[in-house]
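Asker: Need a 3D model of the sequence below.
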Amino acid sequence: MSVPLKVIFGFHAVGVRMKTAPQSVVELHVDAGRRDVRMRQFMQRAQDSGMRIIPSDGLRLAKLCGSHGHQGVVARVQALLQGHSLDDHLDQLPAGQIPLLLVLDGVTDPHNLGACLRVADGAGAHAVIAPKDHAVGLNATVAKVASGAADTVPYFMVTNLARTLNELKERGIWIIGTSDDAPTSIYQNDLKGPIAWVLGAEGEGMRQLTRKTCDQLVRIPMQGAVESLNVSVASGVCLYESLRQRSGATA
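Answerer: Presented below is the predicted three-dimensional model:
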């Protein structure tokens, strides 16, 4: 059975794939008109890796990836098959590592998902979880915005999110949701233990069943005029506060 191909684009997304799984890059399309230092260095890396390079114009690149934000770099790659389940992934965490997960309920914008994956990678989260019926998949736009994190952070789409959250509880993972009307601030809680942060989409927030499934709700203090943060920014605040507390930092 042949492995399905997909398209990724942008220097960061393609560069990470070239570094982590160069054998999966079937062909690399580059803007024949770009001769700047960044492109020359990128081309040298590709040539050193023995990749098939196809000079193309901007119009062809845009048609390949469906976007004009390709930066002159588009790759057709084999999809990296996720060979294990969320349970298997958690079972295989190295001894002593405390689970840190990000759960996204209702995030359907690929730009938001890409940014969340990038934040999750930076904070060292072990996985991002989303429901199959209220989420965006890993498409080319997600990969571009994620700047390579779509290849480094496991992304699990589950059939029943509430059931998955309850299964995480059975593992001793504390389920914490964010809500503007929560009684306590994120900074008033002990966040050093195993945690799955649950965030909803902007505007609608978490679905009611997801909210009821959470062990605890906390709020991110808002000092200005805006009422809420973009979901990727909120994800960063939550994940990095866990990271800060775990590291013993005081500021």
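
Asker: and R246, how many neighbours?
Answerer: 15 (other Cβ atoms under 10 Å). Yep, even glycine has a C-beta here, placed from its N, CA and C like the rest.

Asker: In this structure it contacts Q97, no?
Answerer: No: using Cβ atoms under 8 Å, R246 is not in contact with Q97, being 10.6 Å away.

Asker: If we ignore the residues flanking it in sequence, what's nearest D190?
Answerer: What sits nearest to D190 in space, not counting adjacent residues and going by Cβ to Cβ, 6 or more residues apart in numbering, is Q245, at 7.2 Å.

Asker: Sorry, slip of the keys, the one I care about is P99.
Answerer: Nearest non-adjacent residue to P99, counting by Cβ to Cβ, 6+ apart: P194, 4.4 Å away.

Asker: Relative to S228, how far out is the one you found?
Answerer: For P194, the distance to S228 equals 27 Å [Cβ to Cβ, to the nearest Å].

Asker: who has more neighbours, these two?
Answerer: Taking neighbours as other Cβ under 10 Å, P194 and S228 compare with P194 leading, 17 against 14.

Asker: domain ranges for the chain?
Answerer: The chain breaks down by automatic domain parsing into domains covering 5-78, 86-247.

Asker: starting at the chain centroid, how far to the longest one?
Answerer: I take that to be domain 86-247. Taking Cα atoms, centre = their mean, to the nearest Å, one finds domain 86-247 lying 10 Å from the centre of the chain it belongs to.

Asker: What is the end-to-end distance of it?
Answerer: By Cα to Cα, to the nearest Å, the extent of domain 86-247 from end to end equals 26 Å.

Asker: Show me the shaky parts of the stretch 51-200 of the chain.
Answerer: 81-83 (pLDDT under 70).

Asker: Contact partners for the residue nearest to D190?
Answerer: Counting by Cβ atoms under 8 Å, 6 or more residues apart in numbering, Q245 touches 190-192.

Asker: Check for me that it belongs to a strand.
Answerer: No: assignment of Q245 by DSSP: H, G, I helix; E, B strand; the rest coil gives helix, placing it outside any strand.

Asker: Mind pulling up the pLDDT for it?
Answerer: Looking at Q245, its pLDDT stands at 95.

Asker: Spatially nearest residue to G236, not counting backbone neighbours?
Answerer: In this structure, G236 finds its nearest non-sequential neighbour in V119, 4.4 Å apart by Cβ to Cβ, 6+ apart.

Asker: How many residues are close by the one you found?
Answerer: Number of residues near V119 (other Cβ under 10 Å) recorded here: 25.

Asker: and after the helix or strand hosting it, which helix or strand comes next?
Answerer: Here V119, judged by DSSP states H and E, is contained in helix 110-123. Note on helix 110-123: by DSSP H and E, the next helix or strand toward the C-terminus is strand 127-131.

Asker: Much appreciated, bye for now.
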